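Colleague: Requesting a structural model of the entry that follows:
(one chain, ligands or ions: 1)
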Amino acid sequence: MVLLLFGPPGCGKGTQAAFLSERLAIPAISTGEILREEVHAGTPLGKVVSDLLAKGELIGDSLVNDIVASRIARPDCARGFLLDGYPRTVAQAMNFSTLLQRNGLPDPLVLHLDVPDDALVERLGARRQCPVCHRIYNLLSQPPRAEGVCDADGASLVRREDDQESVIRHRLQAYREVSNPVLKWYGNASVRRVDGAAPPQAVASALEMLVRQSVPHVAPAA
Ligand code: AMP
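Modeller: Numbering: from 1, shown residues only. Next comes the predicted model:
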């Protein structure tokens, strides 16, 4: 099972990816998260991508393709996996298709979360993340129990550098310009659209139902 969770920045991909990962017992892989970890750890790759990440610019295709190829080769991906934030360009989608064929893996099921732009700007402006466990909060819809600190480990929550409003608008524009053609490239037959503006629990149920209907041999719900 290969799932691609698709949608603009702030559409709830991270939350829904974690939910699907747990329900379907497959890893959820976020290219954005991998890149942020590299920046945080100060690796050579992190140093190369840190400016682009802070500005909300897309990282070069070949770099991201290589990251995904080595990640899905790991044993935890043997039963399937979910990708969040990849592919973001037609070139990445084409490369990924070749990679899947080469590894004898099935065509992906593309899940697209639709959310209006204004709702995204509001949501992203209120988003905070724990720098230690990476848990995501939203000051409007999912605030931490105590203001400013993570429920799980008490670390001070931070606003991601690329969640500033001007950067958010830039990311939404980049998303529309670059990634919409990717959905067209996959075509209606493989893309399933879900209303991402609905409450998180309703979105989660809709996604899980879609996967169970579309992908054969998914383990029954717990
Ligand atoms: P995300 O967490 O998915 O919003 O990604 C955060 C940032 O990581 C993006 O704004 C890009 O700078 C970079 N990034 C993540 N995935 C990709 C990708 N597939 N292609 C290019 N850049 C990416």
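Colleague: Find the nearest non-adjacent residue to R169, please.
Modeller: Leaving aside its chain neighbours, R169 sits nearest to V121 (7.0 Å; criterion: C-beta to C-beta, 6 or more residues apart in numbering). All C-beta atoms are positioned from the backbone trio N, CA, C, and that covers glycine.
Colleague: for the ligand, what are the nearby residues on the protein?
Modeller: Residues of the chain that fall close to the ligand, judged by C-beta under 6 Å from any ligand atom: 9, 30-32, 35, 52-53, 56-59, 64, 85-88, 92, 162, 171.
Colleague: re earlier: is it correct that the residue nearest to R169 falls within a helix?
Modeller: Yes - counting by DSSP: H, G, I helix; E, B strand; the rest coil, V121 is located in a helix.
Colleague: What helices and strands are in contact with the top helix by length along the chain?
Modeller: Scanning the chain for the helix with the most residues, using DSSP state H, yields helix 200-214. For helix 200-214, the contact count by 3 or more C-beta pairs under 8 Å, 6 or more residues apart in numbering; DSSP states H and E identifies helix 13-24, strand 109-114, strand 191-195 as packing neighbours.
Colleague: most centrally placed residue in this protein?
Modeller: For the chain, the residue whose C-alpha lies nearest the mean C-alpha position (C-alpha atoms, centre = their mean) is D84; its distance is 2.7 Å.
Colleague: and that residue, what are its phi and psi?
Modeller: phi -120, psi 110 (degrees, to the nearest 10).
Colleague: what's next to the helix or strand of the chain with the lowest mean pLDDT, contact-wise?
Modeller: Averaged element by element with mean pLDDT, DSSP states H and E, the chain has its least confident helix or strand at helix 165-174 (a mean of 83). Contacts of helix 165-174 with the rest of the structure, by C-beta atoms under 8 Å, 6 or more residues apart in numbering, involve 8-10, 54-58, 117, 120-121, 124-125, 161-162.
Colleague: Out of those, show me where the pLDDT dips lowest.
Modeller: For the contacts of helix 165-174, the least confidently modelled position is D162, at 75, judged by pLDDT.
Colleague: neighbours around it, how many?
Modeller: Each residue near D162 was counted by other C-beta atoms under 10 Å, and the total is 19.
Colleague: Just to check, it is in contact with G56?
Modeller: Yes - using C-beta atoms under 8 Å, D162 and G56 qualify as a contacting pair, with a distance of 4.8 Å.
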